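# Mind looking at a prediction? Sequence and model below.
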Amino acid sequence: MTSDRFILRRLAFTGPDKELRDLDFAPGLTVVWGGSQAGKSFAVKALDYMFGSGAALPVLKETIGYERCWLELDLPKSGRVTLARSLSKGGYDLFGGTIDSSLGRTGNRTLAENHGAKRESLSSFLLGELGIGDVQIARTLSGDKATFTIRHFATYMFTEETPMIAEESPITLDRQSSDTFNKNVLKYILTGVDDRSIVQVPDVKQQKQTNAGRIEIVEEMLNAAVAELAAMYPGIEDLETLKLQEQSERLDDTLATFKENLAARHSFLDALARERRLLVSERDELIERADEIVLTIDRFKLLATSYASDIRRLIALEEGAAALMVGARRTCILCGADPAHQHVEHGFEAVETSQKAVNAELRKVRGESAGLVKATASLEAELLGMQRRIAALDQEIGEKNDELDSAKLTEVRTREEYESIDQARKKLHDAIMVERRISSLRVRHAELSKFKAKSAPRGSIVAGVGTVVGDELAAAVEKIFHAWRYPGNPRITFHDKTHDILLNGSQRNANGKGVRALLNAAFKIGVMDVCRQRDLPHPGIIALDSPLLSYRDPLKSKHKELSEDEEILVATDLKVHFYNYLIERSNDAQFLIMENQDPPFALPSGVREHIFAGQHATDGRKGLF
């Protein structure tokens with residue numbers, strides 16, 4: 001995985017009406033040396049700032065008027081990109097290509113400052129370039145976790161002067177991070193195994209806080225339940241005297257009786273309704289039949305009138321009116337012709353023939369009329385019987401209606417009483433449920449009050465790396481010390497409790513500042529080397545501020561006189577071997593060295609060298625700005 005590394009190309013600052021100021025880097029070794037207060041440490045801070053530092057850059061008089069910081073770098077997947085960030089913090093603009101091609105343009109996309117942001121962040125983008133996804137690191141021995149971010153790598157990439165010589169372990173991420181978290185971050189970097197599988201166990205403090213919160217919630221619920229029950233029965237001080245369960249049982253018995261009564265009322269109403277429907281059906285059929293008889297009688301009466309008219313006409317013919325009317329100029333009684341149209345004179349033979357026919361017709365009509373009278377009398381008798389039955393049915397229906405109205409009124413009253421009792425029972429049941437809730441909450445409150453927090457068993461969660469990986473790291477650091485020709489026969493061991501390295505059995509604080517600086521530098525390079533050996537991701541950048549502090553001038557340096565072990569170092573050529581080592585490693589990693597003193601020899605052409613002559617210089621570059 002040696003090819004999957006970052007390469008810093010250029011750091012720059014811009015501002016309105018300000019000339020661009022920049023610092024470029026070689027893919028291997030870049031050395032920036034010169035006077036104090038020239039911006040060397042500021043450059044390291046700026047690189048850290050562009051890798052997501054939450055701390056704002058210090059305000060220098062040289063930075064006034066500048067508003068933006070730019071970082072051009074090569075990435076394993078995206079290739080050449082440029083990041084831009086306001087000096088007032090915030091997120092990042094991401095450009096494809098160089099700084100020069102990005103100036104005056106809008107970024108291809110924006111990256112959030114914080115890794116936890118919902119949108120894409122700088123951290124997720126850079127970790128993705130290394131093939132790192134969602135990684136969980138245990139923060140405490142109880143197993144609560146935090147997400148691994150690019151900031152955790154930055155601690156092993158950019159080392160400023162103060163932490164370079166600090167007495168604390170170089171694994172310290174920041175002042176807020178716990179010792180457990182620091183160790184587990186180192187474990188992930190050196191092994192590629194995170195703490196996702198660890199099951200979180202709350203610590204004693206968390207357990208007590210959680211239990212106190214539960215008690216508070218139970219008390220609130222208990223008070224609310226007591227108030228709810230009191231509101232149901234206002235004016236009663238001792239609610240236990242209500243004996244709600246006994247009342248409920250009595251009401252249940254009463255309601256059972258009412259249910260039986262209601263069922264009987266319903267059956268009685270149904271029977272009355274059925275009887276009434278039968279009576280009404282019978283009456284309606286009789287009324288329909290009576291109406292038909294009345295219509296038939298009316299028709300028979302019209303027919304009887306027609307028969308009477310026919311009989312009178314036939315009698316007139318029978319009496320021989322035709323004979324008396326012979327020769328008279330009037331309507332013919334035989335044919336009905338007017339005098340003006342009478343062309344035939346009827347003789348006595350015709351009159352006789354007509355008389356016989358009239359007598360026959362008269363007998364027929366009188367017979368039919370007699371039959372019609374009998375039929376009409378029969379229908380009138382039937383109609384009278386029907387009318388009497390209809391009247392009786394109307395009376396019976398009226399009586400049934402009265403019975404139904406009375407039964408319905410009784411049923412309504414019974415239902416109202418039932419509903420009233422049912423409402424009382426519902427209130428009782430609700431009160432009983434509240435009473436049971438109160439009892440349950442009191443039991444729960446008693447259980448929570450007896451709770452005792454238990455700490456996780458010692459050794460239940462092991463933080464950091466084991467001795468095998470720790471020894472591998474110590475071996476890598478010892479190899480570096482030998483390559484630097486550290487005086488004597490340096491022996492580096494791993495301290496499993498502090499996760500720091502020991503030089504010849506001595507802890508870090510037993511050494512002088514210069515030796516502590518070398519230990520820190522070797523530690524950071526050693527971590528990278530173990531990642532390379534294990535084919536694990538690492539940005540491949542090591543920026544060190546004053547790693548050769550032992551070679552300072554005690555009269556000019558703010559760190560003053562040298563300690564005994566530093567004086568031994570100054571008498572050696574470790575400085576030469578230090579630079580030679582970094583030059584030899586330039587093909588697989590990028591090193592950025594900030595020093596006050598110049599290198600002990602002329603650096604080869606592949607190394608980038610920047611000289612900051614200082615504020616009072618008359619020629620050359622005075623500093624970063």
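Received, thanks.

# going forward, measure contacts between C-alpha atoms and count neighbours the same way
Fine.

# Give me the helix or strand of this structure that scores worst on average pLDDT.
Ranked by mean pLDDT, DSSP states H and E, the helix or strand of the chain with the weakest confidence is helix 321-324, at a mean of 49.

# C-terminal to that one, which secondary structure element comes first?
helix 348-449 (DSSP states H and E).

# And this structure, split by domain according to the record?
Here the domain parsing of the chain from automatic domain parsing is 7-201+460-612, 242-449.

# Could you work out which of those reaches nearest to residue 214?
Closest of the domains of the chain to residue 214 is domain 242-449, at 7.7 Å (criterion: Cα to Cα).

# Grab the nearest non-local neighbour of residue 65.
Spatial nearest neighbour of residue 65, excluding adjacent residues (Cα to Cα, 6 or more residues apart in numbering): residue 15 at 5.8 Å.

# correct me, but the one you found touches residue 63?
No - with contacts counted by Cα atoms under 8 Å, residue 15 stays clear of residue 63, the gap being 9.3 Å.

# coming back round to it: per-residue confidence for the residue nearest to residue 65?
Note on residue 15: pLDDT of 94.

# Against residue 142, how distant is it?
Distance of residue 15 to residue 142, given as Cα to Cα, to the nearest Å: 48 Å.

# Between those two, which is the more surrounded one?
In terms of neighbours (other Cα atoms under 10 Å), residue 142 is the more surrounded of residue 15 and residue 142; the figures are 20 against 15.

# Does the more buried one lie in a helix or a strand, and which?
Assigned by DSSP H and E, residue 142 belongs to neither a helix nor a strand.

# cool, residue 230 as well?
Using DSSP H and E, residue 230 maps to helix 204-232.

# orientation of the following helix or strand past that helix relative to helix 348-449 in degrees?
Past helix 204-232, further along toward the C-terminus, the next helix or strand under DSSP H and E is helix 244-318. Orientation check (axes from the mean of the first three to the mean of the last three Cα atoms, to 10 degrees): helix 244-318 against helix 348-449 gives 170 degrees.

# Please give me every residue in contact with the residue nearest to residue 65.
Applying Cα atoms under 8 Å, 6 or more residues apart in numbering, one finds that residue 15 lies in contact with 65, 66, 67, 68.

# Pretty sure residue 146 sits against residue 137.
Yes - under the criterion of Cα under 8 Å, residue 146 makes contact with residue 137 at 5.3 Å.

# ok, back up a step: TSV please, covering the domains of the chain and showing distance to residue 223.
Listed next are the domains of the chain as TSV, based on distance: least, Cα to Cα, whole Å:
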stretch	distance to residue 223
domain 7-201+460-612	32
domain 242-449	9
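
# which one of the ones you listed has the lowest average pLDDT?
domain 242-449 (a mean of 79).

# And for the closest residue in space to residue 586 that isn't next to it in sequence, the neighbour number?
Of all residues not flanking residue 586 in the chain, residue 28 sits nearest, at 3.9 Å (Cα to Cα, 6+ apart). Residues near residue 28, counting by other Cα under 10 Å, number 22.

# In contact with residue 28, which residues?
Counting by Cα under 8 Å, 6+ apart, residue 28 touches 583, 585, 586, 587, 588, 589, 590, 591, 606, 607.
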